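# Take this sequence and fold it.
(one chain, ligands or ions: 1)
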Amino acid sequence: MAITKESIIKALSTVQDPDLKKDLVSLNMIKDVSVDGNAIHFTVVLTTPACPLKEMIKTDCINAIHKHVGEDVQVFPNMTSDVTSTRNTAPLLPNVKNIIAIGSGKGGVGKSTVTANLAVSLAQSGAKVGLIDADIFGPSIPTMFNCEHEQPEVKEINGKNTIIPIEQYGIKLISIGFLTPPDNAVVWRGPMASSALKQFISDTDWGELDYLLIDLPPGTSDIHLTLVQTIPVTGSVIVTTPQKVALADAKKAIGMFKQPQINVPILGLVENMAYFTPAELPDNKYFIFGEGGGMKLSEQFDIPFIGQMPLVQSIRESGDSGLPAVMKDDVTADAFKELSQKLARQVAIRNANLAETKKVEMIN
Ligand SMILES: Nc1ncnc2c1ncn2[C@@H]1O[C@H](COP(=O)(O)OP(=O)(O)OP(=O)(O)O)[C@@H](O)[C@H]1O
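Presented below is the predicted three-dimensional model:
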């Protein structure tokens, strides 16, 4: 009996996306079905190129076709992606699909390190990524990307002076560090810092992006309020160490995003410097800053626990040398890659279940 497109679609409608809990056909993830004799071709459009379930979904599709269409057919799924978005009402950055703010509470917990590695890892997966260093008083992104001496061009686009972001490792970057001499401290009042962030959002040529990451300053400040009042933020990520003082500050950051007037979904919690493993004793874990605090916090606030990064000398060295750890070929790189996949997955789940975040109108 001839194989029909209908029989293929029917077979694929038995395959579920485990995160979105619906079948691939209802989710509109199946395209370009074709049959050529005994060979079946179709495209599966995933919600992110960093999809950790890619291989599993591919195998499920092949098995479903063999089960429902025929055991002897050849199946050629073409796995692609189109990052989802809920952003459709904002006049600013219409071509940026997701805006993700990374905050911490306490300083020095590794928020910029995590952000830099997430950005590189998402870009390595094939996503279009931008990064705003919103830590106006302590920018570290230029160092972490080895481009401290770069200066962004300003071009007139549609009659408006527009900043052209610096591109490094495939990521578009902007930081106050590109606009001030490296050794000069930025001594500004809050409104000037807020105005710089607004320019980074609205006067910068971001083009088309799947993910725009925002590395926030520590704490809960003017900058945080400016961000949520300037643009609807898709979601946030909280970075903490397991230390008591860091967890206490992380709680405040969580409280800020959860405030009813702000209401930015929290996509995940990352526990950084979770434990130390010496190179000469790879099976030993020393919980220098305490154990289990990140997991407990995520359970307490019902936030997905998306990663536990060890304290590793090479992560610090990578940050200082401007080559993010995820660009190396080792277990630390794998851990950051897994973290980025978990984040991308949470963005897709959030987009499937929640409406666009509302821009905050006014908080005094
Ligand atoms: N997992 C890790 N292992 C080893 N060193 C790390 C790790 N994470 C971060 N570091 C190092 O800790 C220091 C602080 O990290 P980072 O600048 O990313 O923190 P931060 O939270 O962004 O700080 P702040 O917001 O106060 O500027 C850096 O020297 C960085 O290289």
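
# okay, CA-based contacts and neighbour counts for the rest of this
Fine.

# Show me what from the protein comes close to the ligand.
Selection of the chain residues close to the ligand by Cα under 6 Å from any ligand atom yields 107-113, 138, 217-218, 272-273, 309-313, 315-316, 319.

# ChimeraX command to pick out the buried ones of the residues you listed?
In ChimeraX, this line selects whichever of the residues of the chain next to the ligand come out buried by 16 or more other Cα atoms under 10 Å:
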select :107,109,110,111,112,113,217,218,272,273,309,310,311,312,315,319
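
# The residues of the chain next to the ligand in helices, which ones?
If you go by DSSP state H, those have Lys111, Ser112, Thr113, Gln313, Ile315, Arg316, Gly319 in helices.

# Lowest pLDDT pick from these?
Comparing pLDDT over those, the lowest score belongs to Gln313 (89).

# Provide the strand pairings for the helix or strand that contains Leu213, with the direction of each partner.
Leu213 belongs to strand 209-215 when elements are defined using DSSP states H and E. Applying DSSP bridges to the sheet, strand 209-215 is found paired with strand 96-103 (parallel), strand 129-133 (parallel).

# Same list (those strands) but as a markdown table, adding mean pLDDT, mean neighbour count and distance to Gln346.
Listed next are these as a markdown table, based on pLDDT from 0 to 100; neighbours: other Cα atoms under 10 Å; distance: least, Cα to Cα, whole Å:
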| stretch | mean pLDDT | mean neighbour count | distance to Gln346 |
| --- | --- | --- | --- |
| strand 96-103 | 97 | 24 | 11 |
| strand 129-133 | 98 | 25 | 17 |
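
# out of those strands, nearest to Asn117?
When the strands paired with strand 209-215 are compared by Cα to Cα, strand 129-133 sits nearest Asn117, at 11.0 Å.

# any residues touching the next helix-or-strand element following the closest one, and which ones?
Note on strand 129-133: by DSSP H and E, the next helix or strand toward the C-terminus is helix 141-144. Judged by Cα atoms under 8 Å, 6 or more residues apart in numbering, the contacts made with helix 141-144 from elsewhere in the structure are 112-113, 116, 133, 148, 175, 177-178, 318-324.

# quick one: which two of these are the most distant?
So, the contacts of helix 141-144 by Cα to Cα: farthest apart are Phe178 and Ser318, at 20.0 Å.

# ok, back up a step: mind putting the strands paired with strand 209-215 in JSON lines, distance to Lys54 included?
Listed next are those as JSON lines, based on distance: least, Cα to Cα, whole Å:
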{"stretch": "strand 96-103", "distance to Lys54": "21"}
{"stretch": "strand 129-133", "distance to Lys54": "20"}
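
# got any ranges where this protein has weak pLDDT?
Counting by pLDDT under 70, the chain contains low-confidence residues at 1, 89-90, 182-183, 185-187, 190, 362-364.

# May I have the secondary structure class of Gly207?
Under DSSP: H, G, I helix; E, B strand; the rest coil, the three-state class of Gly207 is coil.

# show me what contacts it?
Leu93, Asn95, Val96.

# my read: the second one touches Leu212, true?
No: under the criterion of Cα atoms under 8 Å, Asn95 makes no contact with Leu212, lying 10.5 Å away.

# Just grab the bridge partners of the closest residue to Lys58 other than its chain neighbours for me.
The spatial neighbour of Lys58 that comes closest, neighbours along the chain excluded (Cα to Cα, 6 or more residues apart in numbering), is Pro77 at 6.8 Å. On DSSP bridges, the residues paired with Pro77 through beta bridges are Phe42.

# all helices for the stretch 101-250 of the chain, in order.
Taking DSSP state H, counting those that start in this stretch to define them, one finds helices in the stretch 101-250 of the chain at 111-125, 141-144, 190-202, 222-230, 244-258.

# what's the first one in contact with?
Read it as helix 111-125. Residues beyond helix 111-125 that count as contacts (Cα under 8 Å, 6+ apart) turn out to be 49-50, 102-104, 128-131, 140-141, 144-145, 169-171, 213-215, 239-240, 319, 324-327, 336-337, 339-341.

# repeat that for 6 Å
Residues outside helix 111-125 that contact it (Cα atoms under 6 Å, 6 or more residues apart in numbering) are Pro49, Ala50, Val129, Val239, Pro324, Val326, Lys337, Ser340.

# Now compare these and name the two farthest from each other.
Pro49 and Val239 (23.5 Å).

# Compare these two (neighbour count), which wins?
Val239 (30 against 24; other Cα atoms under 10 Å).

# That one pairs with what?
On the basis of DSSP bridges, Val239 takes part in beta bridges with Val270.

# Is it in contact with Gly268, as I believe?
No: under the criterion of Cα atoms under 6 Å, Val239 makes no contact with Gly268, lying 8.7 Å away.

# mind listing what's buried in stretch 24-36?
Buried residues in stretch 24-36, counted by 16+ other Cα under 10 Å: Leu24, Val25, Leu27, Met29, Ile30, Val33, Val35.
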